[in-house]
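Undergrad: Predicted structure and sequence below. I'll ask about it afterward.
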Amino acid sequence: MIRTQFGKSTRRPLRIGLIAGSLGLLGIIGLPFLTFAGSAATLGAAAVYAGIGVKTHQTQSIDTGITYLNDTTQWYRSMVWSFWPLRILDPHSSFLNSLELSGRNLAVLSRSTRRAEPDINQILGSIGFATPTRPDPSLSHSQLQAALFRQLPNIDRLVNIFYPSVSQWNQWIGRTNLPTWLVSSSHWHQFQNDSQLLTEDIQDVRTMLPMVTKMIPTHGTRRYFLVYENPGELRSTGGFMTAYSYITFQNGHLQPIHSHNIYSLQSHIRYRPPAPLPIHTWVYTPIWHLRDSNWSPNVPTTVQQMYKFYNSMPHAPHLNGVIFVNTWVADTLLKDIGGITMPKTYHNVRITSSNANYEMEYIAERSHLSAGSKKKFIGTMIHFILHKVAHAPVPVLLRTFQGGYQSLNQKNVLFYFNNPQLEAMAKSHNWAGTVDSHVHGDYLEVVDDNLGGHKDNFYMHYHITSRIQKIGSRYRQTTTVTWTNTGIFDNWLVVPYSSWVRFYVPYGSRLISLKGGDAVTQAYTNAQLHKTVFGNHLTMPARLNKHQPPTTQSMTATYWLPKDINMSRYVIQKQPGIQVDHETVIVNGHHLKPFNLYTDKTISLLPSHK
């Protein structure tokens, strides 16, 4: 009897223990799934409410989505905590480390969102979203545009609030490999690429917004002279100036933009100085015109010369700055969006990155369209490009924005502002097209001005070789530029090439020889830019048919560098309008790694210069 009672008394606690242990084990196993389900559900609710808010233009739905995002953070933190048994079993688990890092990133995102919520509501309310205090905000297109411009400072603040969180998430996404049962490797890899692209785009926006915000006035008028340059006919600042538009902001409203032929201004201009000698000699005009005024590679110098022409016109509208855009920008956009189809007026021609420049030339010079249709072609093309960009899916938008920013960095878009603060901003990002006058070291910019009036530069390739040799206590440099023209003579776009070539080198350099030119060499100092300049004329025969190899021509400048020059670095500036220079640098017989020059570059010459 005693034994039986003892057996019962021992079995009951054992059963209780087994039940408790089983429940505890189920809790340990099930809690991660429960908290994961909670995280997924609240995140899904956040996305749904935010999507509804954007679609219906209701800020209250977006606020509800933000609340659910905060709940997601709590659920996610609980999920991370629920994996503590695995941490005991594997203290160095990469999976758990990644999970904890993602939890911290989500917490940062949640805090950023809560901090930004008032600005989000203010921005959305101003651009037409319904708010509790403004239930029916009906705005016209121009009102919406002006409201958006007025909100640029708030948008700038929002971007700076969210960027650290986005950057952290991008780092986590780039380092994490999710299991294939959860997502396929190809889809995850594409998501990693899109995340990287988004992060870079937000960083680009952070860079651009302060300058854009200052460009657009909330009150008053700002007018910028937009110049379209053709890099097929290369000039110092990017190409021959073919057309222009006014970009005018009035009280935050962008006024309609119309393009005009640059020649249409000529009859109104009263300022007619003698042309620079190379223009006089090879363009065959003794008078300098506005269309040829971008002769200096230093954009501020060029703009001051342009202003002399422009301001001589009676009743010319006041300008606050000049923006240069060359047609490589259109090529970049067309490549990103997959091309456009022009309207019936232009015979529904398909415009792509590979034929855009040809079609623009054909419309302007060889088509049988009316003068008005020819004049409107560029503006119509830009309108269709922007319309397609505005309706593009997110991945295409991200790619397009990055392409536009790349055009800025590769000097296909250049700015000059009368406002010193804006000009300083443009210079700080290398968007002002300035020749660097404060280089403490070796320096080179080769400037090629096509004076033949044709479009050979669409087919031209450049290779620049710099040979630097120490002789005694001095340095001698030999710079060779080689042109390769793959175009075939058609007496329209491609003809024998005629250009004026200048070498901008360190101030105080002394010319030894300049070979490959067919005119009297010019050698002088430019005190304003703190540079010495060597120049001569280049004539290059044309390739007559496809069976002939591409034609090549070289020009070589040999010169002594200044005695006291710092040879630890070499600054090479790229001429705007050239897509890429192929560069080779040889120092004391030592070949540095060849590189392609897409924008200005500083090279370390240590220790090879010794």
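TA: Yep, it's here.
Undergrad: Let me see the residues that make contact with stretch 355-366.
TA: Stretch 355-366 has contacts (Cβ atoms under 8 Å, 6 or more residues apart in numbering) with 232, 242, 327, 330-331, 334, 346, 349, 351, 369, 374, 377-378, 381, 455, 458, 492-493. Yep, even glycine has a C-beta here, placed from its N, CA and C like the rest.
Undergrad: Sort out for me which of those residues are in helices.
TA: With helices defined by DSSP state H, the entries of those inside them are 330, 331, 334, 374, 377, 378, 381.
Undergrad: now, which of these sits nearest residue 497?
TA: When the ones in helices among the contacts of stretch 355-366 are compared for distance to residue 497 (Cβ to Cβ), residue 331 wins out at 21.6 Å.
Undergrad: can you confirm residue 464 is in a strand?
TA: Yes - according to DSSP: H, G, I helix; E, B strand; the rest coil, residue 464 belongs to a strand.
Undergrad: pLDDT wise, what is it at?
TA: Looking at residue 464, its pLDDT reads 98.
Undergrad: Quick check: the gap between it and residue 588.
TA: 19 Å (Cβ to Cβ, to the nearest Å).
Undergrad: More neighbours: which of those two?
TA: More crowded of residue 464 and residue 588, by other Cβ atoms under 10 Å: residue 464, with 18 against 14.
Undergrad: what's near enough to touch residue 498?
TA: Counting by Cβ under 8 Å, 6+ apart, residue 498 makes contact with 282, 450, 451, 452, 537, 538, 539, 540.
Undergrad: Is it possible to mark the buried ones in the contacts of stretch 355-366?
TA: Among the contacts of stretch 355-366, those scoring as buried are 232, 242, 327, 330-331, 334, 346, 351, 369, 374, 377-378, 381, 455, 458, 493 (criterion: 16 or more other Cβ atoms under 10 Å).
Undergrad: do you know how far residue 200 is from residue 163?
TA: Per Cβ to Cβ, residue 200 is found 11 Å from residue 163.
Undergrad: Residue 502 touches residue 447, doesn't it?
TA: Yes - if you go by Cβ atoms under 8 Å, residue 502 and residue 447 touch, sitting 4.4 Å apart.
Undergrad: who touches both of those two?
TA: Common contacts of residue 502 and residue 447 (Cβ under 8 Å, 6+ apart): residue 297.
Undergrad: Other residues contacting stretch 202-215?
TA: 152-153, 155-156, 159-160, 162-163, 166-167, 222, 224, 249, 401-402, 405, 408, 417, 419, 421-422, 425-426, 429.
Undergrad: scratch that, stretch 482-496
TA: Applying Cβ under 8 Å, 6+ apart, the external contacts of stretch 482-496 come out as 232, 358, 361, 365-366, 452, 454-456, 458-465, 497, 538-546, 550-554.
Undergrad: Quick one, which of these are buried?
TA: Neighbour-count burial (16+ other Cβ under 10 Å) applied to these gives 232, 361, 452, 454-456, 458-465, 497, 538, 540, 542-543, 551, 553.
Undergrad: What residues sit buried inside stretch 264-271?
TA: Quick answer for stretch 264-271 (16+ other Cβ under 10 Å): 265, 269, 271.
Undergrad: Residue 110 contacts residue 67, correct?
TA: No - using Cβ under 8 Å, residue 110 makes no contact with residue 67, being 10.4 Å away.
Undergrad: Look at these two and report which has more neighbours.
TA: residue 110 (20 against 17).
Undergrad: Enumerate every residue touching that one.
TA: So residue 110 contacts 69, 70, 72, 73 (Cβ under 8 Å, 6+ apart).
Undergrad: try it again with 10 Å
TA: By Cβ atoms under 10 Å, 6 or more residues apart in numbering, the residues touching residue 110 are 66, 69, 70, 71, 72, 73, 74, 76, 77, 165.
Undergrad: OK, contacts around the residue lying closest to it once chain neighbours are set aside?
TA: Excluding the flanking residues, the one nearest residue 110 by Cβ to Cβ, 6 or more residues apart in numbering is residue 73, at 4.2 Å. By Cβ under 10 Å, 6+ apart, the contact list for residue 73 reads 39, 42, 43, 103, 106, 107, 108, 109, 110, 111, 113, 114.
Undergrad: Save those as JSON lines, and put in pLDDT and distance to residue 319 too.
TA: Formatted as JSON lines, the contacts of residue 73 follow (pLDDT from 0 to 100; distance: Cβ to Cβ, whole Å):
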{"residue": "39", "pLDDT": "77", "distance to residue 319": "56"}
{"residue": "42", "pLDDT": "84", "distance to residue 319": "54"}
{"residue": "43", "pLDDT": "80", "distance to residue 319": "51"}
{"residue": "103", "pLDDT": "75", "distance to residue 319": "54"}
{"residue": "106", "pLDDT": "75", "distance to residue 319": "49"}
{"residue": "107", "pLDDT": "79", "distance to residue 319": "50"}
{"residue": "108", "pLDDT": "78", "distance to residue 319": "45"}
{"residue": "109", "pLDDT": "77", "distance to residue 319": "44"}
{"residue": "110", "pLDDT": "78", "distance to residue 319": "47"}
{"residue": "111", "pLDDT": "80", "distance to residue 319": "45"}
{"residue": "113", "pLDDT": "79", "distance to residue 319": "42"}
{"residue": "114", "pLDDT": "80", "distance to residue 319": "44"}
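Undergrad: Just the buried ones from the residues you listed?
TA: Buried members of the contacts of residue 73, scored by 16+ other Cβ under 10 Å, are 39, 42, 43, 103, 106, 107, 108, 109, 110, 113.
Undergrad: Was I right to think the fourth one contacts residue 77?
TA: This points to residue 103. Yes - Residue 103 is within contact range of residue 77, at 5.5 Å (criterion: Cβ atoms under 10 Å).
Undergrad: which residues do the two both contact?
TA: Shared contacts of residue 103 and residue 77, defined by Cβ under 10 Å, 6+ apart, comprise residue 39.
Undergrad: For the spatially most central residue of the chain, which non-adjacent residue is closest in space?
TA: Closest to where the C-alpha atoms of the chain average out (Cα atoms, centre = their mean) is residue 405, at 1.2 Å. Distances taken as Cβ to Cβ, 6+ apart place residue 204 nearest to residue 405, at 4.2 Å, with adjacent residues excluded.
Undergrad: Residue 235 contacts residue 576, correct?
TA: Yes - under the criterion of Cβ under 10 Å, residue 235 makes contact with residue 576 at 9.0 Å.
Undergrad: tell me, what's touching the two both at once?
TA: With Cβ under 10 Å, 6+ apart, residue 235 and residue 576 have common neighbours 229, 294, 297, 326, 447.
Undergrad: tell me the SS of the second one?
TA: So the one you mean is residue 294. coil.
Undergrad: what about it, distance to residue 498?
TA: The spacing between residue 294 and residue 498, counted by Cβ to Cβ, is 18 Å.
Undergrad: Residue 369 now?
TA: Plainly put, residue 369 is 30 Å away from residue 498 if you go by Cβ to Cβ.
Undergrad: before we move on, the earlier item: quick check, the residue nearest to the centre of the chain in contact with residue 201.
TA: Yes - counting by Cβ under 10 Å, residue 405 touches residue 201, with 7.6 Å between them.
Undergrad: Of the contacts of residue 73, just say which sits nearest to residue 62.
TA: Proximity of the contacts of residue 73 to residue 62 (Cβ to Cβ) peaks at residue 113, which lies at 10.4 Å.
Undergrad: Quick check: that closest one vs residue 244, distance?
TA: Residue 113 sits 44 Å away from residue 244, going by Cβ to Cβ.
Undergrad: And residue 238, by the same measure?
TA: 14 Å.
Undergrad: For those two, list the residues in contact with both.
TA: In contact with both residue 238 and residue 244: 227, 228, using Cβ under 10 Å, 6+ apart.
Undergrad: Compare the two (neighbour count), which wins?
TA: Neighbours were counted for residue 238 and for residue 244 using other Cβ under 10 Å; residue 238 has more, 29 against 20.
Undergrad: show me what contacts that one?
TA: Counting by Cβ under 10 Å, 6+ apart, residue 238 makes contact with 227-231, 294, 297, 299, 324-328, 411-414, 433, 575-578.
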